[in-house]
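Enquirer: sequence and predicted structure, then a few things I'm wondering about:
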Amino acid sequence: MQKEKLYGKTLNELIAVTKRIGLPGFAARQMADWLYKKEINSIGEMTNLSKKMRETISNDYEIGLYSPESSSESIDGTKKYLYKVLNGKYIETAYIPETERATICVSSQSGCKMGCIFCMTGKQGFQGNLSSNEILNQFRSLPEFSTLTNMVFMGMGEPLDNITQVMKTLEILTAEWGYGWSPTRITVSTVGILSTVKEFLEKSRCHLAVSLHSPFDEERKMLMPIQKTNSLKEILDAIRNFEINSQRRISFEYILFQGMNDSQKHVNELAKILNGIKCRINLIRFHQVPGAEFRSPGLEETIKFKEALIAKGILTTIRASRGVDIKAACGLLSTLEQNKTS
Ligand code: SF4
């Protein structure tokens, strides 16, 4: 029988473990310390717990860390790792080094049920939520773990469709008994699920990125089915009504599709709907995926769109395309791997 994993448990969950197996409550803090600060790989290394205690823990539990199955490296230094998760499926994790920071892009689900038309992960369908162990293991078992400065939840899956496990992960990353990271080092990206966007804004202090892609209802519905049930207007109203702490960043991701959502009409409407929200727009040139009829705009058109938004008073940046040569579009690599093994 598989043992339960300790890595990925919150302090309260570790307290519950100590109660269940009859250990003193203080052992939970010690375990958290070993798991998240001293970065051990086995229960035997928890040397401030007695040998007997370690044996009792080991009867039912293991640490639960595992390495990626494979990796590929881009000429720009971006690396993509494939992890095999409990349901036997592959998930993707990206490592993106820059001059002054190193970001990990984690997956929160295997596959995704949101069905965004331009996304390879969406085409896989939904295969399961990742546990906090499976999300955090991507971070801790990354060969470049010690260099990481930032984390974005922009890999496979919709993080706010797996809010319980994502919130647990954020707690472990930011708690004083956990990794003690500032919430401003973490960004959670969502298509916009109203109930969990509100919950995330209330319970976390991490940055929020909303995938926008079109300010027009019909066009957004065609790109992102979520618009049919959770309209962008409701999401923007929820953000507007929430008092955003000055440290916290709200951004909107906007994939540019040539000749589709890159007109002045789009710029004007974006300025209208984002009025009153302190935010920035990140423009992303569409990464070609098999079977997609969309085209990626040229750099010149992208800069023109950016300048038009800036002229409207919207802070706008262009996200550098990274790892294009290693199938950077989310879901591409795992789809290829899954097809190989199926
Ligand atoms: S873009 Fe994100 S939310 Fe949409 S299908 Fe892909 S993984 Fe899911």
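Expert: Right, received. Where do you want to start?
Enquirer: contact residues of this protein facing the ligand?
Expert: Residues of the chain that fall close to the ligand, judged by CB under 6 Å from any ligand atom: C112, M114, G115, C116, C119, T121, G122, M156, G157, E158, V191, C330. In short, each C-beta sits where N, CA and C put it, glycine included.
Enquirer: restricted to buried residues, select those residues in ChimeraX.
Expert: Buried residues among those (16 or more other CB atoms under 10 Å), as a ChimeraX selection:
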select :112,114,116,119,121,122,156,157,158,191,330
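Enquirer: among the residues of the chain next to the ligand, which ones are in helices?
Expert: Cross-referencing the residues of the chain next to the ligand against helices under DSSP state H gives T121, G122.
Enquirer: out of the residues of the chain next to the ligand, who's nearest E199?
Expert: E158 (13.9 Å; CB to CB).
Enquirer: this structure: strands as residue ranges?
Expert: 4-5, 61-62, 70-73, 79-84, 90-97, 102-105, 109-111, 126-129, 150-153, 186-190, 207-211, 250-256, 280-285, 315-318 (DSSP state E).
Enquirer: could you identify which of these is most buried?
Expert: strand 109-111 (a mean of 26; mean count of other CB atoms under 10 Å).
Enquirer: what is the mean pLDDT for it?
Expert: Average pLDDT, strand 109-111: 95.
Enquirer: let's have the chain start at 40 instead
Expert: All right, first residue 40 from here; so that's strand 148-150.
Enquirer: about what we covered before: format the residues of the chain next to the ligand as a markdown table; extra columns: distance to T208.
Expert: Converted to a markdown table, those look like this (distance: CB to CB, whole Å):
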| residue | distance to T208 |
| --- | --- |
| C151 | 17 |
| M153 | 19 |
| G154 | 24 |
| C155 | 23 |
| C158 | 22 |
| T160 | 19 |
| G161 | 22 |
| M195 | 15 |
| G196 | 12 |
| E197 | 14 |
| V230 | 19 |
| C369 | 18 |
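Enquirer: look up how far A277 lies from whichever residue of the stretch 190-339 of the chain sits closest to the ligand.
Expert: For the stretch 190-339 of the chain, the residue closest to the ligand is E197, as judged by CB to the nearest ligand atom, at 4.1 Å. Distance, E197 to A277, using CB to CB, to the nearest Å: 17 Å.
Enquirer: next: N284.
Expert: Taking CB to CB, one finds N284 at 16 Å from A277.
Enquirer: look at the two and report which has more neighbours.
Expert: Neighbour tally, N284 and A277, criterion other CB atoms under 10 Å: the higher count belongs to A277, 16 against 10.
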